[in-house]
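Visitor: Next input, structure requested:
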Amino acid sequence: MLAEELISTTAPTLRPTDSVGRAIDVMDEYGLRQLALVDEEEYKGLLSEDTLLNITDDTKRLSELYLPPDPVHVGAMQHIFEVIGLASQHQLESVPVLDEENMYAGTIRINDALMKFADLLGGQEKGAVVVLKMTNRDYSLTDISRLVESNNVKIISSYFSGAEYGALDEGTLTLKLNRTDVSALVATLERFGYQIESVHANVPLDSPDRHRLDLLLRYLEA
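Guide: So this is what the prediction gives:
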């Protein structure tokens, strides 16, 4: 999914002739803390509510404000992953989009993008989520996919995150699956040495079947 597909039809823009007070009012009306400043379809910058509230003269024109060069934005053909990443990096609620000629194409509301992102990751699909802890060198989606599919389960989406909190060479792999009962799969992963950090599923894993699988695993490890 590309940035041009995420452009909001309701997000307004600010003009250089607008006053600081009007800009704040527009932000309040539309529930956005940042809005693009556009002059004849040329993108000038992204103004934040916090910045405007620090200006004592609310009659001051936006054209009189200092705007840093190379203002934050995404290109129309950039992927939703890049859009979300930029928004997270700069703590944005809205992200301006520029077309191939670097002219203003519209604004993405990040709340809308996050909903699309959840759909893209299979968030609306019924199925379990399994989180594995592993070192970077042990990460092989090909090997893990083979084990998953050997249990007649499909991976809807996956996400690998690297080391956190100063841990060296340690990450987590999150798998969204197409089945809720993943007891047999969890047992298979454990048998092949994968460390299960957590499992989130509608079907509880403390069933009699899981108990028998645990006994089998202990036998195999003996």
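Visitor: okay, CA-based contacts and neighbour counts for the rest of this
Guide: Noted.
Visitor: Let me know the secondary structure of the residue nearest the centre of the chain.
Guide: Computing the C-alpha centroid of the chain and ranking residues by Cα atoms, centre = their mean puts Ile84 first, at 5.1 Å. Each residue gets one of three states, and Ile84 gets helix by DSSP: H, G, I helix; E, B strand; the rest coil.
Visitor: That one and His90, how far apart?
Guide: The span separating Ile84 from His90 equals 10 Å under the rule Cα to Cα, to the nearest Å.
Visitor: which residues does Val72 contact?
Guide: 45-46, 95-96 (Cα atoms under 8 Å, 6 or more residues apart in numbering).
Visitor: repeat that with 7 Å
Guide: Val72 sits next to Leu46 when contact means Cα atoms under 7 Å, 6 or more residues apart in numbering.
Visitor: Could I get the pLDDT score of it?
Guide: At Val72 the predicted local confidence, pLDDT, stands at 93.
Visitor: before we move on, what about Tyr219?
Guide: The model's pLDDT for Tyr219 equals 49.
Visitor: Same question for the one 3 residues further on.
Guide: According to the predicted model, the pLDDT of Ala222 comes to 46.
Visitor: ok, back up a step: please determine how far the residue nearest to the centre of the chain is located from Asp99.
Guide: Distance check for Ile84 against Asp99: by Cα to Cα, it reads 18 Å.
Visitor: Also Leu147?
Guide: Distance of Leu147 to Asp99, computed by Cα to Cα: 43 Å.
Visitor: now do Asp112
Guide: Taking Cα to Cα as the measure, Asp112 and Asp99 are separated by 20 Å.
Visitor: for the helix or strand harbouring Glu190, packing partners?
Guide: Taking DSSP states H and E as the criterion, Glu190 maps to helix 183-191. For helix 183-191, the helices and strands in contact under the criterion 3 or more Cα pairs under 7 Å, 6 or more residues apart in numbering; DSSP states H and E are helix 208-221.
Visitor: Over to the residue nearest to Pro16 when sequence neighbours are not counted. Which of the three states is it?
Guide: Across the structure, with Cα to Cα, 6 or more residues apart in numbering as the measure, the residue nearest Pro16 apart from its sequence neighbours is Ser63 (4.5 Å). State at Ser63, reduced to three classes by three-state DSSP: helix.
Visitor: quick one: Leu173 is in a strand?
Guide: Yes: secondary structure assignment (three-state DSSP) places Leu173 inside a strand.
Visitor: my read: it touches Ser157, true?
Guide: No: at 10.6 Å, Leu173 and Ser157 do not qualify as touching, with contact defined as Cα atoms under 7 Å.
Visitor: mind giving me the domain ranges of the protein?
Guide: The chain breaks down into these structural domains: 3-118, 129-221 (assignment by automatic domain parsing).
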